[in-house]
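Chemist: Sequence and predicted structure, then a few things I'm wondering about:
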Amino acid sequence: MAEPGRQLNRLGDLSWLSALELGRLAGALAPTNFKRSQIIFGEIAPADAHILLKGIARITCRNPHSERVTIALLPPGLIPEFPALSLSRLDFQCEAYSDCRVGSLSWHDFNRITLCNPESTHRKVHESDLKQWYRVFLRSSGTLSLSLHERIAITLLELCSSFGITESRGTLLRVSFSHQEIADLVGATRPRVTEHLAQLEREHLVIRQGRQLIIRESELGDAIAHAPSDENRPPTPALANGAVFVPAKEAGNNRLSRTFNKSASDKLLNRG
């Protein structure tokens, strides 16, 4: 099988397509290589389907200070379309986070070479887009009143789902993400994110391995599901003897309990 075909076979976003449809799709894609930091498309993207075949892409926008920040990191799969509403101040862009290979084709051709009817195809693609933008909303919006500690935990679980490998101690993030990149994803400052990551390490929910992180997903989910919800709650300090003070769990606070019962990012979507 040609390279695009092998790559498409590994994409969960397209698992609803048959082997025949995947083969036809692979043959119709026009692949393009992008070096790190190159723009794949801007806010006014061409009316095409874009599939990340290899590498990591990211969606960036302008924050209130006109600084460009990362709001989503994308593994191989369908690249979500930007909101149709004109938000020129935000200036969305899809960029290559690492060296990338992207396959493109028109939506007309996408519908033509698949055996699904257009309505079914639209629904599947819409579900994929909605899932990605819901994740952005969940970890960055103040509307849900999630604390920074919770938003960081949600982000780590999302990164596990997209870039993690299961090993004996937990889920190893294959990619080294900086504290600033995590801060951009949750809409916080780097020093605050560093404080909370250090707290998660002290609680043995996150293990540092050089520049990489190992996340204990199940334990992290359980801890955050019952954590106090005060946004201003500082990270728990280490005691003088090196022990860690852990507040008693609040049995009544189960706002996130349903969120952390299943695997990685799927737990997040159950709240929608």
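Modeler: On my side now, so go ahead. Numbers count the residues shown, from 1 in each chain.

Chemist: what pLDDT does Ser18 get?
Modeler: Note for Ser18: predicted pLDDT of 79.

Chemist: Quick check: phi and psi at it.
Modeler: Phi and psi for Ser18, reported as degrees, to the nearest 10, are phi -80, psi 170.

Chemist: any idea how far it is from Asp129?
Modeler: As judged by Cβ to Cβ, to the nearest Å, Ser18 and Asp129 stand 22 Å apart. C-beta here means a position set from N, CA and C on the backbone, and glycine is covered the same way.

Chemist: Which one of these two is surrounded by more residues?
Modeler: Neighbours were counted for Ser18 and for Asp129 using other Cβ atoms under 10 Å; Asp129 has more, 15 against 11.

Chemist: distance of that one from Thr189?
Modeler: The spacing between Asp129 and Thr189, counted by Cβ to Cβ, is 29 Å.

Chemist: name the helices or strands packed onto the helix or strand hosting Asp222?
Modeler: Per DSSP states H and E: Asp222 is located in helix 217-225. Here helix 217-225 touches helix 148-163, going by 3 or more Cβ pairs under 8 Å, 6 or more residues apart in numbering; DSSP states H and E.

Chemist: between the helix it packs on and helix 217-225, how many degrees?
Modeler: 160 degrees (axes from the mean of the first three to the mean of the last three Cα atoms, to 10 degrees).

Chemist: right, and the helix or strand after helix 148-163?
Modeler: Later in the chain than helix 148-163, the nearest helix or strand by DSSP H and E is strand 164-167.

Chemist: neighbouring contacts of the very next helix or strand once past that next one?
Modeler: Counting by DSSP H and E, the next helix or strand C-terminal to strand 164-167 is strand 170-173. Residues outside strand 170-173 that contact it (Cβ atoms under 8 Å, 6 or more residues apart in numbering): 159-160, 163-166, 207, 209, 212-217, 264.

Chemist: Tell me where the chain has strands.
Modeler: Here the chain has its strands, by DSSP state E, at 30-34, 39-41, 48-54, 57-62, 68-74, 77-78, 93-96, 100-106, 164-167, 170-173, 206-209, 212-215.

Chemist: Now render these as a markdown table, adding distance to Ser145, mean neighbour count and mean pLDDT.
Modeler: Output for these, formatted as a markdown table (distance: least, Cβ to Cβ, whole Å; neighbours: other Cβ atoms under 10 Å; pLDDT from 0 to 100):
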| stretch | distance to Ser145 | mean neighbour count | mean pLDDT |
| --- | --- | --- | --- |
| strand 30-34 | 38 | 15 | 93 |
| strand 39-41 | 34 | 17 | 93 |
| strand 48-54 | 33 | 21 | 90 |
| strand 57-62 | 23 | 20 | 92 |
| strand 68-74 | 20 | 19 | 92 |
| strand 77-78 | 31 | 20 | 88 |
| strand 93-96 | 30 | 21 | 95 |
| strand 100-106 | 36 | 20 | 92 |
| strand 164-167 | 28 | 13 | 93 |
| strand 170-173 | 27 | 21 | 95 |
| strand 206-209 | 24 | 15 | 94 |
| strand 212-215 | 24 | 20 | 95 |
